[in-house]
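J.: generate a structure from the sequence data that follows.
(chains A and B, ligands or ions: 2)
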Number of protein chains: 2
Amino acid sequence: MIKVCLLGAGNVATHLYKAFKSAQDVHIVQWYNRDLKKISTYKNDVTIIDDISKLSEADIYIIAVSDDAISTLSTTLPFENRLVAHTSGSVNIHDLDKKNRRGVFYPLQTFSKEVPIDFNEIPICLEALDKNDLDILTHLAEAIGSTWYKISTEQRQTLHVAAVFVNNFTNQLYRIAHEISDAKNINFEILKPLISETAKKIQEVSPYMAQTGPAKRNDKKTIKKHLKLLEKENHKAIYELLTESIKKTHGVSSPPRTRKEKSK
Amino acid sequence: MIKVCLLGAGNVATHLYKAFKSAQDVHIVQWYNRDLKKISTYKNDVTIIDDISKLSEADIYIIAVSDDAISTLSTTLPFENRLVAHTSGSVNIHDLDKKNRRGVFYPLQTFSKEVPIDFNEIPICLEALDKNDLDILTHLAEAIGSTWYKISTEQRQTLHVAAVFVNNFTNQLYRIAHEISDAKNINFEILKPLISETAKKIQEVSPYMAQTGPAKRNDKKTIKKHLKLLEKENHKAIYELLTESIKKTHGVSSPPRTRKEKSK
Ligand SMILES: NC(=O)c1ccc[n+]([C@@H]2O[C@H](COP(=O)([O-])OP(=O)(O)OC[C@H]3O[C@@H](n4cnc5c(N)ncnc54)[C@H](OP(=O)(O)O)[C@@H]3O)[C@@H](O)[C@H]2O)c1
Ligand SMILES: NC(=O)c1ccc[n+]([C@@H]2O[C@H](COP(=O)([O-])OP(=O)(O)OC[C@H]3O[C@@H](n4cnc5c(N)ncnc54)[C@H](OP(=O)(O)O)[C@@H]3O)[C@@H](O)[C@H]2O)c1
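T.: Ligands and ions are numbered 1, 2, ... in the order given. I've put the predicted structure just below:
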């Protein structure tokens, strides 16, 4: 049985609470938040506290608060030499106060409070300065059914950038498609199966192999037509930059421009 | 029973052949390709031809050949006043030879010959110049279990651009994430659940509502850190452009630059 104290009450802490609560091998000793109201609905199921000096003994303290607050909060912990882990993709393990043993428990997924999450499908990136502490972290990840990876701070920060590309930026491309179709009274529903299939395809095939379309074929006629159809400058710029990026990846070089084109 | 002649033997034609073949209400009269070898494996299941003058009577002729070949092929058809439809997202309905009745049967999905496709999950965009012909197209779409939408040529061309954003460009973002993680010896597998979840989320929630991350929060510290971590100029440029795009969508304005920054 792993004894856990959970700190914070945001998206991640709330999902972790639920996962820990339903895990057989995990006992939540206390749930701390600076604002008790946020967790008061759970007061019959777990000990809730808003006074950090009241934290009891546990095997691990999970700090799931905003990135900027992690370091400061770790200095206010009323104990030493215990295992303290944050859940951030970008904060350094050494930003945790060194009076305690330090670790990272970073779930690589996008969380919203309302959307239910299955930790079976969430990879957890683990880091610890000590082999025994890594064991505690792996046990905790396994207790909630997650796949885990041992990842260094540098790798984790790189993963966080990569996650911005596949999550935030991809979602913005969906948004742009929504804007483009709305402008012509087209139901965005039509695009949803293609969005699903695009994500599904690369579960089996590499993104390199999965690529298709006018940029990869260097189909200049279609590219020109598309640029003409796009009404917003911002959409055009993104179309051009990503088209160039695909061409580069697939070794499709643009022919040297003629003098006339250059002078435009 | 709808009698169909299929022309072409590429990705789309091959999947359509399979869907038509297994549909109860569809009879494939002939399958034409200029190169018979490509379809010879099917010779025991369907009449295959490579001589266009041998095309028999059917309710509809589906031209699923490369965009550039559609118009010319339609002029070589040895009959008049029958329903001829192409499957392209970008070719105008009027590019089909006007000696025949014209239509469009555009499946909005990405096809690869090897990847099996379930037409139940493919929206088909239909266009016809005549109400009766639209009825034939809708029956054909329904016969293979697809959802269909009546779409004008302009709307279809817009959808095709939108599809480039959610398919080709999204896939390129996956590719970049793959490059970034490979460079630091990180297993790309770790990112796959996030990719799935990102696509899944917008099946329920609008891309606007689904957005999260440093750009939306205007978290300058993280954005700066990410730009520093990115090694390739092309990756940096995409990061900056999409970050700006997200900020614009969510009304997060960048503060006016100081004179010092401007002069850089
Ligand atoms: N959201 C994701 O998709 C995701 C994914 C992986 C990792 N993470 C990481 O997980 C951590 C938490 O993220 P989140 O999305 O759960 O954040 P969130 O929903 O914004 O919640 C932030 C929590 O931090 C608390 N907090 C903020 N400043 C504090 C301070 N000075 N002292 C004490 N508590 C403070 C807040 O307390 P109040 O309730 O009192 O405001 C709140 O409970 C971050 O490190 C984040 O990078 C997030
Ligand atoms: N692939 C997709 O994801 C997708 C999705 C929706 C719509 N579409 C549209 O569907 C159509 C076919 O695309 P595809 O991906 O199936 O293409 P593809 O796999 O490249 O196959 C092209 C087919 O066109 C034939 N062809 C090319 N030039 C020809 C000519 N001059 N005369 C006669 N036949 C010719 C080829 O014949 P050979 O076999 O003899 O070379 C081949 O059978 C296009 O209009 C495309 O825009 C494609």
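J.: for the stretch 151-264 of chain A, which segments count as helices?
T.: Remark: helices assigned in the stretch 151-264 of chain A by DSSP state H, counting those that start in this stretch are A:153-163, A:170-183, A:192-201, A:207-210, A:214-217, A:220-229, A:233-249, A:259-263.
J.: can stretch A:162-171 be found next to ligand 1?
T.: No: figure legend: stretch A:162-171 not in contact with ligand 1 (CB under 6 Å from any ligand atom); closest approach 8.4 Å. Where you see a C-beta, it was placed from the backbone N, CA and C, and this is true even at glycine.
J.: which residues touch that stretch?
T.: With contact meaning CB atoms under 8 Å, 6 or more residues apart in numbering or on different chains, stretch A:162-171 is reached by A:89, A:108, A:110, B:170, B:173-174, B:176-177, B:180-181, B:186, B:191, B:194-195, B:198-199, B:201-202, B:207, B:210-216, B:226, B:238-239, B:242, B:246.
J.: now the end-to-end length of stretch A:51-67.
T.: Length of stretch A:51-67, first residue to last, CA to CA, to the nearest Å: 20 Å.
J.: any idea how far the nearest residue to residue A:161 once chain neighbours are set aside lies from residue A:90?
T.: The shortest distance from residue A:161 to any non-neighbouring residue, by CB to CB, 6 or more residues apart in numbering or on different chains, is to residue B:226 (4.7 Å). Residue B:226 is 8 Å from residue A:90, where distance means CB to CB, to the nearest Å.
J.: then residue A:69?
T.: 13 Å.
J.: who's more crowded, those two?
T.: Taking other CB atoms under 10 Å in any protein chain shown, residue A:69 and residue A:90 do not tie; residue A:90 has more neighbours (21 against 14).
J.: look up how far ligand 1 lies from that one.
T.: 7 Å (CB to the nearest ligand atom, to the nearest Å).
J.: now swap in residue A:6 and tell me
T.: Relative to ligand 1, residue A:6 is positioned 10 Å away (CB to the nearest ligand atom).
J.: re earlier: of all the helices of the stretch 151-264 of chain A, which one is nearest residue B:13?
T.: Of all the helices of the stretch 151-264 of chain A, helix A:214-217 sits nearest to residue B:13, with 17.6 Å by CB to CB.
J.: does chain B have contacts with the closest one?
T.: Yes: contact of helix A:214-217 with chain B (CB under 8 Å from any CB of the partner chain) involves A:214, A:215, A:216.
J.: out of the residues you listed, give me the one that has the most neighbours.
T.: When neighbours are counted by other CB under 10 Å, residue A:215 leads the residues of helix A:214-217 next to chain B with 27 neighbours.
J.: grab the nearest non-local neighbour of the residue of chain A found nearest ligand 1.
T.: For chain A, the residue closest to ligand 1 is residue A:10, as judged by CB to the nearest ligand atom, at 1.9 Å. Among residues not flanking residue A:10 along the chain, residue A:64 sits closest, at 6.6 Å (CB to CB, 6+ apart).
J.: so residue A:58 touches residue A:6, yeah?
T.: No: counting by CB atoms under 8 Å, residue A:6 is not a contact partner of residue A:58; they are 9.3 Å apart.
J.: tally of neighbours for residue A:166?
T.: Using other CB under 10 Å: residue A:166 sits among 28 other residues.
J.: per-residue pLDDT of it, please?
T.: You'll see residue A:166 listed with a pLDDT of 98.
J.: same deal with residue A:258?
T.: pLDDT, residue A:258: 49.
J.: swap in residue A:252?
T.: 87.
J.: again, but for the one 10 residues further on
T.: In this model, residue A:262 is scored at 43, pLDDT.
J.: coming back round to it: pull out the buried members of the contacts of stretch A:162-171.
T.: By neighbour count, with 16 or more other CB atoms under 10 Å in any protein chain shown, these hold A:89, A:108, A:110, B:170, B:173-174, B:176-177, B:180-181, B:186, B:191, B:194-195, B:198-199, B:201-202, B:207, B:210-216, B:226, B:238-239, B:242, B:246 as buried.
J.: what stretches of the stretch 151-264 of chain A score poorly on pLDDT?
T.: The stretch 151-264 of chain A contains residues with pLDDT under 70 at A:254-264.
J.: how about a cut-off of 50?
T.: Residues of the stretch 151-264 of chain A meeting the criterion pLDDT under 50: A:258-264.
J.: now the helices of the stretch 151-264 of chain A as TSV including distance to residue B:233?
T.: Converted to TSV, those look like this (distance: least, CB to CB, whole Å):
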stretch	distance to residue B:233
helix A:153-163	15
helix A:170-183	20
helix A:192-201	26
helix A:207-210	20
helix A:214-217	18
helix A:220-229	22
helix A:233-249	11
helix A:259-263	21
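J.: between these, which one is nearest to residue A:15?
T.: Closest to residue A:15 of the helices of the stretch 151-264 of chain A is helix A:153-163 (CB to CB; 16.5 Å).
J.: report the buried residues of the closest one.
T.: Neighbour-count burial for helix A:153-163 flags A:155, A:156, A:157, A:158, A:159, A:160, A:161, A:162, A:163 (criterion: 16+ other CB under 10 Å).
J.: from residue A:147, how far out is the second one?
T.: The span separating residue A:156 from residue A:147 equals 15 Å under the rule CB to CB.
J.: circling back: distance to ligand 2 for the buried residues of helix A:153-163 - can I get that in a markdown table?
T.: Converted to a markdown table, the buried residues of helix A:153-163 look like this (distance: CB to the nearest ligand atom, whole Å):
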| residue | distance to ligand 2 |
| --- | --- |
| A:155 | 35 |
| A:156 | 36 |
| A:157 | 36 |
| A:158 | 32 |
| A:159 | 31 |
| A:160 | 33 |
| A:161 | 30 |
| A:162 | 27 |
| A:163 | 28 |
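J.: tell me the one among the residues you listed nearest to residue A:34.
T.: When the buried residues of helix A:153-163 are compared against residue A:34 (criterion: CB to CB), the nearest one is residue A:160, at 25.1 Å.
J.: tell me the contacts of the closest one?
T.: Taking CB under 8 Å, 6+ apart, we find residue A:160 in contact with A:89, A:90, B:226.
J.: circling back to that earlier point, the residue nearest to residue A:10 and residue A:8 touch, don't they?
T.: Yes: counting by CB under 8 Å, residue A:64 touches residue A:8, with 4.0 Å between them.
J.: care to break chain A down by domain?
T.: Split into domains by automatic domain parsing, chain A comes to A:2-151, A:157-254.
J.: ok, which of those domains comes nearest residue B:141?
T.: Shortest distance between residue B:141 and those, using CB to CB, is found for domain A:157-254: 12.9 Å.
J.: what about the nearest residue to residue A:134 once chain neighbours are set aside, neighbour count?
T.: Once flanking residues are discounted, residue A:134 sits nearest to residue A:128: 4.0 Å by CB to CB, 6+ apart. Around residue A:128 there are 21 other residues, counting by other CB under 10 Å.
J.: state the phi and psi torsions of residue A:128.
T.: Main-chain torsions, residue A:128, degrees, to the nearest 10: phi -150, psi 160.
J.: tell me the secondary structure at residue A:126.
T.: strand (DSSP: H, G, I helix; E, B strand; the rest coil).
J.: gap between it and ligand 2?
T.: Noted for residue A:126: a distance of 40 Å to ligand 2, by CB to the nearest ligand atom.
J.: show me what that residue bridges to in the sheet.
T.: Counting by DSSP bridges, residue A:126 is bridged to residue A:105, residue A:150.
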